[in-house]
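Visitor: I'd like to go over a predicted model; first the sequence, then the structure.
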Amino acid sequence: MRRRDPPVRFPVVPPPGTDGALRYNRCPHPEGHDEETELLYFAYTARIAPDKMAEVAPGAEFQFIAHLPEWGLEFPIAGNGWNGGLPTVIPSEGRTVWGAVFNVPDAETKALDVVEGSEQRVASTIDAIDRSGIRHHVGTHVYDGPPNGTLPPAPDYLRLMVQGSRHWDLPFGWIAGLEEHIDG
């Protein structure tokens, strides 16, 4: 039996000279506007549900589904009025996390940072793989607080994640795994 090392905790440091908002991994505006760039953003939290993403970033446009290989989903975030733990991704050998990738206009990344920050996540970058096997360097949000272990997930929050996962047609095994957490 192989010994498993604990997940690696990594510092999340915003780029120098920024206010901490995501300012990297930009794509040219799809309509060719020079003044506006967009963030390629991996959504796996409640923002994977189309209506929840639209509340925060109405200009966000779905691009493709992708997964984070060697990352797992955990629920270490307590509080926030959700009656259970909230999710984050952590490095985890042999696991994967599925999500939806959006182009998010620069003008809307701050609102995304605020909402995810209210759930104790901070901006980070990570590599996601699309269904064609192409690697994309994307922005996302991860928990960067003290280790809490895994809490029982918040059922209503998970329902939003399931709703979004179904909407974007993520793999059945991923959706079933999320539903198992809801059912106990």
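Guide: Yep, that arrived.

Visitor: In the protein, what residue spans correspond to strands?
Guide: Assigned by DSSP state E, the chain shows strands spanning 26-28, 37-43, 61-77, 86-105, 121-130, 135-143.

Visitor: Within the sheet, what are the partner strands of the longest one, with directions?
Guide: Pointing back at strand 86-105 there. Sheet partners assigned to strand 86-105 using DSSP bridges are listed as strand 37-43 (antiparallel), strand 61-77 (antiparallel).

Visitor: still on that earlier bit, which among the strands of the chain is found nearest to residue 157?
Guide: strand 86-105 (6.0 Å; C-beta to C-beta). The way it works is simple: take the backbone N, C-alpha and C, and place the C-beta from them, glycine included.

Visitor: mind checking which of the strands of the chain is nearest residue 180?
Guide: Proximity to residue 180 (C-beta to C-beta) singles out strand 61-77 among the strands of the chain, at 11.9 Å.

Visitor: tell me the most buried of the strands paired with strand 86-105?
Guide: strand 37-43 (a mean of 24; mean count of other C-beta atoms under 10 Å).

Visitor: Kindly export it (C-alpha atoms) in PDB.
Guide: In PDB, the C-alpha atoms belonging to strand 37-43 read as follows (Å, rounded to 0.1, in the frame of the first residue of the first chain):
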ATOM      1  CA  THR A  37     -10.500  41.300 -22.700                       C
ATOM      2  CA  GLU A  38     -12.100  38.300 -21.000                       C
ATOM      3  CA  LEU A  39     -11.100  35.800 -18.400                       C
ATOM      4  CA  LEU A  40     -11.200  32.100 -19.200                       C
ATOM      5  CA  TYR A  41     -12.900  30.900 -15.900                       C
ATOM      6  CA  PHE A  42     -13.500  27.400 -14.600                       C
ATOM      7  CA  ALA A  43     -16.800  27.200 -12.600                       C
END
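
Visitor: May I have the phi/psi pair for residue 146?
Guide: Phi and psi for residue 146, reported as degrees, to the nearest 10, are phi -70, psi 150.

Visitor: On the pLDDT front, check it for me.
Guide: Listed pLDDT for residue 146 reads 83.

Visitor: Let me see the contact set for residue 73.
Guide: 44, 87, 88, 89, 95, 97 (C-beta atoms under 8 Å, 6 or more residues apart in numbering).
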